[in-house]
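Colleague: Here you go, sequence then predicted model.
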Amino acid sequence: MNAALLILPNFVLIVLGLALARAFDYGRDFWTGLEKLVYYVLFPALLFRSLAVAKLELAQSAMIVAAACAFTLAGFALSLAARPVFNLDRQLHATGSQCGYRFNTYIGLAIAGSLFGTQGVALAALLLGVMIPLANFLAVAVLAAESDRSFLRELASHPLVISSLAGFAWNLAGLPLPGFADQTLALLGQTALPAGLLSVGAAMRLERGGSGDAPAGSGNAIGAHAWWLAVKLAAVPAMALALASALGITGTERAVLMLCAALPTATNAYILAVRMTGDGRAVATQVTVGTILSMATIPAWMALV
């Protein structure tokens, strides 16, 4: 119950973003601008600073990082399995499958800070900083097969991938972060999480998406969406819990590992789907439903640790 109460304010901000977007005539351009500000400026600043100044003990962190990569790859494999199981067309499979293993970094860092403070944010930034390039590599590779956009160009221009790799490189090089730069990045980072959560709520919507050879709303499409939700919110966290137990990961590391596994799909999965295939309707609905369900599933998983 205590963990749920600590997590609650983060979901209140998401609901507030949804309410503000529906109740006030800010216009879609306002929310689009906020999303871009968070995605291209605020959140990369938070990721870079968190990784650049973190005290990384690579030998001690290797096990938890390996576990995070393992459950991400397992989620990817399970997500791809939806195509033969539900006889999906190629485009729905390419856009929708990313919902089974991509994750909302905004929610993850916000909850890590609420539960575990600065240490939790640093540890979550480490795990997410590794998972972001991996998840985006997998998603772009699948989507590129259904698109004429360049795989390498898409990956190289991703702001969260660039900021994560840059933060790791700065840290490994042992470079000091100048005081003015550190303070500037800290101010941007403080803004990133509330703005990101509000934009998550504002982006929530339900849209009808097709499934190729089956009409919209058919059993195949509905079954696939249920499959991806189950993979993301149930199977992947269960695998993380099993890995943590098998590897002897305990304490805050175990809890943050579980949190990163239990996160719902990120809204930028919709952006990537639209940019690379022109149709992100199915992803928009998947992200919305997954975010709503995670308000119950994240506290439940965290209660186990």
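Modeller: Structure received. Numbering: from 1, shown residues only.

Colleague: avg pLDDT for stretch 32-45?
Modeller: Average pLDDT, stretch 32-45: 89.

Colleague: Of all the residues in that stretch, which ones are buried?
Modeller: 34-35, 37-39, 42-45 (16 or more other CB atoms under 10 Å). (C-beta placed from N, C-alpha, C; glycine too.)

Colleague: Then stretch 189-202?
Modeller: 189, 191-202.

Colleague: Could you count how many residues lie near the residue lying closest to residue 161 once chain neighbours are set aside?
Modeller: Nearest non-adjacent residue to residue 161, counting by CB to CB, 6 or more residues apart in numbering: residue 133, 4.8 Å away. By other CB atoms under 10 Å, 17 other residues sit near residue 133.

Colleague: can you pull the pLDDT of residue 133?
Modeller: Reading off the model, residue 133 has pLDDT 87.

Colleague: Hmm, residue 159 and it touching each other?
Modeller: No: counting by CB atoms under 8 Å, residue 133 does not reach residue 159; the two are 11.9 Å apart.

Colleague: Residues in contact with the helix or strand hosting residue 77: which ones?
Modeller: Using DSSP states H and E, residue 77 falls within helix 58-80. With contacts defined as CB atoms under 8 Å, 6 or more residues apart in numbering, helix 58-80 is touched by 93, 97-101, 126-127, 130-131, 134-135, 138, 142, 228, 231-232, 235-236, 239-240, 243-244, 247, 249, 253, 257, 260-261.

Colleague: Any of those residues buried? List them.
Modeller: 93, 97-101, 126-127, 130-131, 134-135, 138, 142, 228, 231-232, 235-236, 239-240, 243-244, 247, 249, 253, 257, 260-261.

Colleague: among the helices and strands of the chain, which has the poorest mean pLDDT?
Modeller: helix 151-156 (a mean of 70; mean pLDDT, DSSP states H and E).

Colleague: Have a look at this protein and report its longest helix.
Modeller: Ranked by number of residues, the top helix in the chain under DSSP state H is helix 105-144.

Colleague: What does the pLDDT read for residue 252?
Modeller: 92.

Colleague: Tell me the spacing between it and residue 30.
Modeller: Residue 252 sits 38 Å away from residue 30, going by CB to CB, to the nearest Å.

Colleague: Among the two, which residue is more densely surrounded?
Modeller: Shown here are residue 252 and residue 30; by other CB under 10 Å, residue 252 has more neighbours (17 against 14).

Colleague: Nearest residue to that one in space, ignoring adjacent ones along the chain?
Modeller: residue 116 (5.5 Å).

Colleague: Is there a neighbour count for residue 166? I'd like the number.
Modeller: With other CB under 10 Å as criterion, residue 166 counts 15.

Colleague: Which residue is the nearest non-sequential neighbour of residue 195?
Modeller: residue 38 (5.1 Å).

Colleague: wait, doesn't the one you found sit right on residue 194?
Modeller: No: the pair residue 38 / residue 194 is not scored as a contact, 9.8 Å apart, by CB under 8 Å.

Colleague: Quick check, pLDDT for the closest residue to residue 233 other than its chain neighbours.
Modeller: In space, and not counting its chain neighbours, residue 233 is closest to residue 297: 4.7 Å by CB to CB, 6+ apart. If you check residue 297, the pLDDT there is 95.

Colleague: quick one: contacts for residue 297?
Modeller: So residue 297 contacts 233-234, 237, 262 (CB under 8 Å, 6+ apart).

Colleague: are any of these buried, and which?
Modeller: 233, 237, 262.

Colleague: quick one: low-confidence parts of the stretch 201-305 of the chain?
Modeller: Within the stretch 201-305 of the chain, the ranges that satisfy pLDDT under 70 run 206-219, 278-279.

Colleague: would you list every one of the helices in it?
Modeller: Along the stretch 201-305 of the chain, the segments classed as helices by DSSP state H, counting those that start in this stretch run 219-230, 236-247, 251-262, 268-277, 281-304.
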